[in-house]
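1. task: produce atomic coordinates for the following.
(2 chains)
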Protein chains: 2
Amino acid sequence: MSTLCVPSQVPSVAEDCEQLHKAFSGWGTNEDLIISILGHRNAAQRKLIRQVYAETYGEDLLKALDKELTNDFERVVLLWTLDPPERDAYLANEATKKRTSSNQVLVEIACTRSPKELLLAREAYHARFKKSLEEDVAYHTSGDFRKLLVPLVSSYRYAGDEVNLTLAKAEAKLLHEKISEKAYSCDDIIRILTTRSKAQINATLNQYKNEFGNDINKDLKADPKDEFLAILRATVKCLVCPEKYFEKVLRLAINRRGTDEGALTRVVATRAEADLKIIKDEYHKRNSVPLDRAIAKDTTGDYEKMLLALVGHEEA
Amino acid sequence: MSTLCVPSQVPSVAEDCEQLHKAFSGWGTNEDLIISILGHRNAAQRKLIRQVYAETYGEDLLKALDKELTNDFERVVLLWTLDPPERDAYLANEATKKRTSSNQVLVEIACTRSPKELLLAREAYHARFKKSLEEDVAYHTSGDFRKLLVPLVSSYRYAGDEVNLTLAKAEAKLLHEKISEKAYSCDDIIRILTTRSKAQINATLNQYKNEFGNDINKDLKADPKDEFLAILRATVKCLVCPEKYFEKVLRLAINRRGTDEGALTRVVATRAEADLKIIKDEYHKRNSVPLDRAIAKDTTGDYEKMLLALVGHEEA
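-> Model (predicted):
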């Protein structure tokens, strides 16, 4: 489900490092060379490149990229080059900071990653920031948002497929009751969404639909401007249909007057090696235009080239 | 800091298994033989014994022990034989169930284990119960207890020694304000106790004492009968001085009219390979009697023998 294209004959790590070093040297930077290497290596290969690069040239590759590149192109290359758990830790940390705070990014990381991936991100957070993720989230949020976000980022959900249908029925009823009372941030809604396994939540929401007629997210749209309701809907979507969630993030990012490069970069860099192929299909179906064509229309230069490499655009 | 005595010459795993199997066979069970083996093997050795026993005799060693042993002796042998993360998962699950529910045991597991050990227990919980620990805790608790216990068992605290003193001062002040207002279950108290690293909490509570004169636990004793305050005090103790916490659990278990075997067994079985040596010293200092003598006075038979083996009692 990855869109990454790794050539069948990959040069040695030492060779990749030498080429990257060459791309940084002399007059100007060779962006095409950087894209041709980093845009076509998987996580394990990039990790090795970073390691060997540091050993050979005594400088962190990310530092070198940071010095040479700028703007959106820099951000997509840096995010992509990071190891996935480190990348999630980095994005989550940004999302807790005042200027760049984003509840949606926290929900995205907490709910679309597998329970194991979220744990690895929390470990990487310790290593990089000398604090825990939940500590920063709890400190920088308050009220209902804290009540939802802290358990979301702290969750280590059961990852099995087993489903308890009796429980699903009971909790579907409970959810419906609470939503009817507009008790959106009550303990029960939070508890169910933050602790149950994804399979169990899916079963519960199917029961909800069968029993009460609506998708839960329709019922959570009573006030379309309410920010807490919006974050609840994002939570539900990230848990049960991440590909639809990401399709919409891409759609909104691209359709805006002036592309939202932040969101576009984040989704492409974090999903390329995961489920971007499914997201791409979803995007095509929903917008009647292939994702790579939409990206090519909305972006330019090296940034465009790097994004297209990551979405697996085959050049003519 | 372990009290376990493993002989310098340990028989082969196969030999241990054969002896255990012999102990179960024939007329009656040879309890002494069981104690002489399992009471003197470390976690890695016991794990191997369980594995080889199952391969050799086609039966889980725990099942065999369960069939042969009874009462308190059975419980201490079973708990001890379990792998530590499995044992924590087992105890935590018991603590969420109606008849055996215990908030204190949950606090103990969440706060006296290292962040990594708690994670391993949560993994073992998935494997054994096909659910997550936080899911069961959230489901079986409510109100203030849920508000405290769910983030406690979900925490993955930063384990480093770095301390932010400015933050410690600010949060000590915040804790004091909230306690003065008797807002014991407010978001801030819960947030600080459930997300900060143990080193940071320790620094904060030192500041608290310096600035406001009392140990925080003294201020949390406004109403000695309030159960939520009691569980807050247990949380603080488990986080900053687990050996004092465990000493008190043992003291109360032994000093009661009719020993509290449940607590005694739990502390000995879970701490023998961890910090029971320090707890023993603490116990001796506080009660002017060595722990092994107190145990010998209060218990009998095979149960006594197994406990004494685990607390490292040297026989004459």
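2. what does chain A have sitting close to chain B?
-> If contacts are counted using CB under 8 Å from any CB of the partner chain, the residues of chain A sitting beside chain B are A:119, A:122-123, A:126, A:130-132, A:134-135, A:138-139, A:142, A:146, A:150-151, A:154-160, A:162, A:187, A:191, A:194-197. Any C-beta I mention is one placed from the backbone N, CA and C, and that applies to glycine too.
3. select only the buried ones of those in PyMOL?
-> Of the residues of chain A next to chain B, the buried ones go into a single PyMOL selection, burial set by 16 or more other CB atoms under 10 Å in any protein chain shown:
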select buried, chain A and resi 119+122+123+126+131+132+134+135+138+139+146+150+151+154+155+156+157+158+187+191+194+195+196+197
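4. out of the residues of chain A next to chain B, list just those in helices.
-> Cross-referencing the residues of chain A next to chain B with the helices (criterion: DSSP state H) gives A:119, A:122-123, A:126, A:134-135, A:138-139, A:146, A:150-151, A:154, A:187, A:191, A:194-195 as the overlap.
5. how many other residues sit next to A:Pro224?
-> 8 (other CB atoms under 10 Å in any protein chain shown).
6. which element is the nearest residue to it once chain neighbours are set aside on?
-> Spatially, and ignoring its direct neighbours in sequence, A:Pro224 is nearest to A:Ala230 (8.0 Å; CB to CB, 6 or more residues apart in numbering or on different chains). Using DSSP states H and E, A:Ala230 sits within helix A:227-240.
7. quick one: list the elements packing against that helix.
-> Contacting helix A:227-240 under the criterion 3 or more CB pairs under 8 Å, 6 or more residues apart in numbering or on different chains; DSSP states H and E are the following elements: helix A:103-112, helix A:143-154, helix A:187-195, helix A:198-212, helix A:216-219, helix A:242-255.
8. how far out from the middle of the chain is the helix or strand encompassing A:Arg128?
-> Using DSSP H and E, A:Arg128 sits in helix A:115-129. On the basis of CA atoms, centre = their mean, to the nearest Å, the separation between the geometric centre of helix A:115-129 and that of its chain is 14 Å.
9. just want the residue of the stretch 1-150 of chain A that's nearest chain B.
-> A:Glu135 (4.0 Å; CB to the nearest CB).
10. thinking again about what came up before, name the helices or strands packed onto the helix holding A:Arg128?
-> Identification of packing neighbours for helix A:115-129 by 3+ CB pairs under 8 Å, 6+ apart yields helix A:84-96, helix A:103-112, helix A:133-140.
11. for those helices, give me CSV that also has distance to A:Cys5 and mean pLDDT.
-> Shown next, in CSV, are the helices and strands packed on helix A:115-129 (distance: least, CB to CB, whole Å; pLDDT from 0 to 100):
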stretch, distance to A:Cys5, mean pLDDT
helix A:84-96, 18, 97
helix A:103-112, 23, 98
helix A:133-140, 32, 96
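12. to A:Asp223, which of the ones you listed lies closest?
-> Checking those against A:Asp223 by CB to CB gives helix A:103-112 as the closest, at 16.9 Å.
13. just the CA atoms of the closest one, as PDB, please.
-> C-alpha atoms of helix A:103-112 as PDB (Å, rounded to 0.1, in the frame of the first residue of the first chain):
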ATOM      1  CA  ASN A 103      -5.300  19.200  18.000                       C
ATOM      2  CA  GLN A 104      -6.000  17.600  14.600                       C
ATOM      3  CA  VAL A 105      -2.400  16.500  14.100                       C
ATOM      4  CA  LEU A 106      -2.400  14.900  17.600                       C
ATOM      5  CA  VAL A 107      -5.600  13.000  16.800                       C
ATOM      6  CA  GLU A 108      -4.100  11.900  13.500                       C
ATOM      7  CA  ILE A 109      -0.900  10.500  15.100                       C
ATOM      8  CA  ALA A 110      -2.800   8.900  18.000                       C
ATOM      9  CA  CYS A 111      -5.500   7.300  16.000                       C
ATOM     10  CA  THR A 112      -4.200   6.400  12.500                       C
END
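14. can you name every helix or strand that that helix contacts?
-> Using 3+ CB pairs under 8 Å, 6+ apart as the contact criterion, the secondary-structure elements in contact with helix A:103-112 are helix A:84-96, helix A:115-129, helix A:143-154, helix A:227-240, helix A:242-255.
15. kindly calculate the angle that that helix makes with helix A:242-255.
-> Angular relation of helix A:103-112 and helix A:242-255 on a 0 to 180 degree scale: 150 degrees, by axes from the mean of the first three to the mean of the last three CA atoms, to 10 degrees.
16. who's in contact with helix A:103-112?
-> A:88, A:91-92, A:94-96, A:118, A:121, A:137, A:141, A:145, A:149, A:152-153, A:155, A:227, A:231, A:234-235, A:238-239, A:242, A:245-246, A:266 (CB atoms under 8 Å, 6 or more residues apart in numbering or on different chains).
17. now the buried members of these.
-> By neighbour count, with 16+ other CB under 10 Å, the contacts of helix A:103-112 hold A:88, A:91-92, A:95-96, A:118, A:121, A:137, A:141, A:145, A:149, A:152-153, A:155, A:231, A:234-235, A:238-239, A:242, A:245-246, A:266 as buried.
18. neighbours of A:Ser102, how many?
-> Using other CB under 10 Å as the criterion, A:Ser102 is surrounded by 17 other residues.
19. tell me who's in contact with it.
-> A:94-95.
20. one more time with 6 Å
-> Taking CB atoms under 6 Å, 6 or more residues apart in numbering or on different chains, we find A:Ser102 in contact with A:Ala95.
21. any idea how far it lies from A:Leu38?
-> Computed with CB to CB, to the nearest Å, the distance linking A:Ser102 and A:Leu38 is 26 Å.
22. coming back round to it: any chance you could list what contacts the helix holding A:Ala230?
-> For helix A:227-240, the external contacting residues (CB under 6 Å, 6+ apart) are A:103-104, A:107-108, A:111-112, A:144, A:193, A:198, A:201-202, A:217, A:220, A:245.
23. most widely separated two among the residues you listed?
-> Going by CB to CB, the two entries of the contacts of helix A:227-240 that are most distant from one another are A:Asp144 and A:Asn202, at 24.1 Å.
24. does A:Glu135 really touch B:Leu193, like I thought?
-> No. Between A:Glu135 and B:Leu193 no contact is recorded; they are 11.4 Å apart, counting by CB atoms under 6 Å.
25. sorry, back to before: now render the helices and strands packed on helix A:103-112 as CSV, adding distance to A:Pro7.
-> Converted to CSV, the helices and strands packed on helix A:103-112 look like this (distance: least, CB to CB, whole Å):
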stretch, distance to A:Pro7
helix A:84-96, 21
helix A:115-129, 27
helix A:143-154, 37
helix A:227-240, 33
helix A:242-255, 26
